[in-house]
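*Asks:* here is my input, please return the structure:
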Amino acid sequence: MLENLPILSLLIWLPIAGAGLIIFGPGQKQKQVTQWIALLTALVTFLLSLYALQHFDTSEYYVQFVEDEAWIESLNIRYSLGVDGISLPLISLTSLMTLIVIISSWNNVKLRVSHYLSAFLVMCGLMNGVFAATDAILFYVLWEAMLVPMFLIIGIWGGPNRIYATLKFFIYTFFGSVFLLIALIYLGLEAESFNLFKMHSLVIDADTQLLLFFAFLIAFAIKVPMFPVHTWLPDAHVQAPTGGSVILAAIMLKMGTYGFLRFMLPIVPDASLEMANVMIVLSLIAVAYIGFVALAQSDMKKLIAYSSIAHMGFVTLGLFISFALVAENQNDAAVMGIQGALIQMISHGFISGALFLCIGVLYDRMHSREISSYGGVINRMPLFAFFFMIFAMANAGLPGTSGFVGEFMVILSSFEVSFWIAAVGGLTLILAAAYTLWMYKRVMFGDVANEKVALLEDLKTREIIVFIILAATVFVFGLWPAPLLDIMAPSVQHLIDCNLVSKLTPEGMCS
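*Replies:* Next comes the predicted model:
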């Protein structure tokens, strides 16, 4: 029945249409009507993403569910969509986390509920579009557009310093996007098309590759964010409402590493190889130094925000270690490194989102994110403590959880290049355990630091449902990552065989 439907367009426009119905529909002033419309829209969007996963051919590398229509014919810009084994899992992650955010905010948002929910639905559609776009200008338009709802989410429903955090977030990310636009326009003129895969086939000289590399680096490194352009993230997280922090950590940070995979690595591989050591060093700094910064935090949200930077450093390490491996003809290890990075992206989405939701549960009850305000919470909230422990252990990379799989694969592939790279990378497992368990111990155990702790109530049914879903994903992908690896394998292998080869001459390139 759904075979002839434009699945990817539905994944983009259905959430946006749902948002429009909430804002302009007859029930927009009725909170319950608004909530149910948002919930049903998010649920149908997630089910569509599962349908796409079920009907995705895991034996092929090429993009599937292709849609291609003229958009701006005079400039040869097209409404072109398609997904492969790299982008489809990220669309499913986006759809699931949007559903989670809407369920978790059911009774927690009091101000402009319809606008709050519609902002997240618009975000969902735009982010799905970023992962599905195969036209570079369409990608850029959606990439920029998703800044607007996040700008509003932080600016309207954020904390006391939300204006400062919002402006910092917007200026950082918009600044990087200017360089991305310049690079895409140049590539489009050279390829006589804005089709992403035609750009992959361009022959580009070394000097131009280097310029394009830095243009992409500025845009995508800010979004990840990589050291040293990471300072906007802790401020944005601290001031954002819980739902904003969840989407920011679970999805928006992945836009940067997805950009590396779609643009930087396949279009300018020679420049990427030349700069790989620099990128590896920056990744290791994020893994190690930012881990120590996280240890010094007293605000739970800031601690998890810095933790996100450290874990995303693992992703960039896995991506750029692959160049050293390809140069040494160790393609199997390179595949493992990139797959490990992708698994880490998906896993971090679940784990970081779950941790921010845990902090949101405490904040809703105590109105404080300071670790020193808590103590002995386990006595009043044993069920919450159980789920919080699962996500804390997953964040520390405990074997059996999804947090372990990606990091283990990246460390294993790093060993093929250098013991010291693997050793420094492995340091994150120690640091993550240190700062996560330190936070858990101070909040859950010990002496009660605040009399309000004695009045805490354990999880409600809605919160239990959310945490069960997230805990299930953490264990399923931790114990059985094979389905996810199977989806990714052909696309990653094609990336290495055809795209991570020299683009200085046409020899050795394939389509």
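*Asks:* correct me if wrong: residue 41 contacts residue 120.
*Replies:* No. Here residue 41 lies out of contact with residue 120, judged by C-beta atoms under 8 Å, at a distance of 10.2 Å. Using the backbone N, CA and C atoms, a C-beta is placed for each residue, glycine as well.
*Asks:* got any ranges where the stretch 301-450 of the chain has weak pLDDT?
*Replies:* Scanning the stretch 301-450 of the chain for pLDDT under 70 picks out 449.
*Asks:* I meant to write the chain there.
*Replies:* Looking at the chain by pLDDT under 70, you get 1-4, 26-29, 449, 507-511.
*Asks:* quick one: the strands in it, in order.
*Replies:* Using DSSP state E, the strands of the chain run over 64-72, 77-83.
*Asks:* what would these look like in CSV with mean neighbour count and distance to residue 336?
*Replies:* Listed next are the strands of the chain as CSV, based on neighbours: other C-beta atoms under 10 Å; distance: least, C-beta to C-beta, whole Å:
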stretch, mean neighbour count, distance to residue 336
strand 64-72, 14, 24
strand 77-83, 22, 23
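*Asks:* could you export those as a markdown table, including distance to residue 244?
*Replies:* Shown next, in a markdown table, are the strands of the chain (distance: least, C-beta to C-beta, whole Å):
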| stretch | distance to residue 244 |
| --- | --- |
| strand 64-72 | 30 |
| strand 77-83 | 26 |
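*Asks:* residue 15: which of those strands is closest?
*Replies:* Go through those one by one with C-beta to C-beta and the one that ends up closest to residue 15 is strand 77-83, at 15.1 Å.
*Asks:* what angle do the closest one and strand 64-72 make?
*Replies:* 170 degrees (axes from the mean of the first three to the mean of the last three C-alpha atoms, to 10 degrees).
*Asks:* how far does strand 77-83 sit from its chain's centre?
*Replies:* Distance, stretch centre to chain centre, for strand 77-83: 21 Å (C-alpha atoms, centre = their mean, to the nearest Å).
*Asks:* would you confirm that residue 343 contacts residue 481?
*Replies:* Yes. Using C-beta under 8 Å, residue 343 makes contact with residue 481 at a distance of 6.2 Å.
*Asks:* who's more crowded, those two?
*Replies:* The residue with more neighbours, out of residue 343 and residue 481, is residue 343; 28 against 20, by other C-beta atoms under 10 Å.
*Asks:* the closest residue to the more buried one other than its chain neighbours and residue 43: what is the separation?
*Replies:* Excluding the flanking residues, the one nearest residue 343 by C-beta to C-beta, 6 or more residues apart in numbering is residue 406, at 3.6 Å. Separation of residue 406 from residue 43 (C-beta to C-beta, to the nearest Å) stands at 28 Å.
*Asks:* and residue 486, by the same measure?
*Replies:* Applying C-beta to C-beta to residue 486 and residue 43 gives a distance of 26 Å.
*Asks:* same drill for the two, tell me which one is more crowded.
*Replies:* residue 43 (15 against 12).
*Asks:* enumerate every residue touching the more buried one.
*Replies:* residue 99 (C-beta atoms under 8 Å, 6 or more residues apart in numbering).
*Asks:* what does residue 294 give?
*Replies:* Per C-beta under 8 Å, 6+ apart, neighbours of residue 294: 303, 306, 307, 310, 431, 435.
*Asks:* try it again at 7 Å.
*Replies:* By C-beta atoms under 7 Å, 6 or more residues apart in numbering, the residues touching residue 294 are 303, 306, 307, 310, 435.
*Asks:* now swap in residue 189 and tell me
*Replies:* So residue 189 contacts nothing (C-beta under 7 Å, 6+ apart).
*Asks:* same question for residue 188.
*Replies:* Going by C-beta under 7 Å, 6+ apart, residue 188 touches 136, 194.
*Asks:* what touches both of residue 343 and residue 481?
*Replies:* In contact with both residue 343 and residue 481: residue 405, using C-beta under 7 Å, 6+ apart.
*Asks:* the residue nearest to residue 343 against residue 339, yeah?
*Replies:* No. In this structure, residue 406 is not within contact of residue 339 by C-beta atoms under 7 Å, at 8.3 Å.
*Asks:* so which bits of the longest helix seen in the chain are buried?
*Replies:* Determined from DSSP state H, the single longest helix within the chain is helix 331-366. Judged by neighbour count using 16 or more other C-beta atoms under 10 Å, the buried positions of helix 331-366 are 333-363, 365-366.
*Asks:* cool, stretch 78-98 as well?
*Replies:* Quick answer for stretch 78-98 (16+ other C-beta under 10 Å): 78, 80-98.
*Asks:* with stretch 436-452 instead?
*Replies:* Quick answer for stretch 436-452 (16+ other C-beta under 10 Å): 436, 439, 440, 442, 443, 444, 449, 450.
*Asks:* and the residues you listed, which is closest to residue 184?
*Replies:* Of these, the one sitting nearest to residue 184 (C-beta to C-beta) turns out to be residue 436, at 38.9 Å.
*Asks:* quick one: stretch 154-169 to chain centroid distance?
*Replies:* 21 Å.
*Asks:* and what of stretch 487-497?
*Replies:* The answer for stretch 487-497 is 20 Å, by C-alpha atoms, centre = their mean.
*Asks:* for that stretch, buried residues please.
*Replies:* 487, 488, 489, 490, 491, 492, 493, 494, 495, 496.
*Asks:* which ones are touching the third one?
*Replies:* Right, residue 489. Contacts of residue 489 by C-beta under 7 Å, 6+ apart are residue 85.
*Asks:* could you redo the last one with a cut-off of 10 Å?
*Replies:* 58, 59, 61, 85, 335, 339 (C-beta atoms under 10 Å, 6 or more residues apart in numbering).
*Asks:* neighbours around residue 6, how many?
*Replies:* 14.
*Asks:* got it, and residue 407?
*Replies:* Other residues lying near residue 407 total 28 when counted by other C-beta under 10 Å.
*Asks:* could you measure from the nearest residue to it once chain neighbours are set aside over to residue 141?
*Replies:* Closest residue in space to residue 407, ignoring its immediate chain neighbours: residue 397 at 5.2 Å, by C-beta to C-beta, 6+ apart. Distance, residue 397 to residue 141, using C-beta to C-beta: 37 Å.
*Asks:* out of the two, name the residue with the larger neighbour count.
*Replies:* Neighbours were counted for residue 397 and for residue 141 using other C-beta under 10 Å; residue 397 has more, 28 against 17.
*Asks:* thought that one was touching residue 425?
*Replies:* No. Using C-beta atoms under 10 Å as the test, residue 397 is too far from residue 425 to be in contact (11.3 Å).
*Asks:* now do the shared contacts for the two.
*Replies:* Contacts common to residue 397 and residue 425, judged by C-beta under 10 Å, 6+ apart, are 314, 407, 411.
*Asks:* contact partners for the first one?
*Replies:* The reference is to residue 314. Residues in contact with residue 314 (C-beta under 10 Å, 6+ apart) are 283-284, 286-287, 340-341, 344-345, 348, 397, 406-407, 409-411, 414, 425, 428-429, 432.
*Asks:* what's the neighbour count on the closest residue in space to residue 232 that isn't next to it in sequence?
*Replies:* Spatial nearest neighbour of residue 232, excluding adjacent residues (C-beta to C-beta, 6+ apart): residue 172 at 4.4 Å. Neighbourhood size, residue 172 [other C-beta under 10 Å]: 19.
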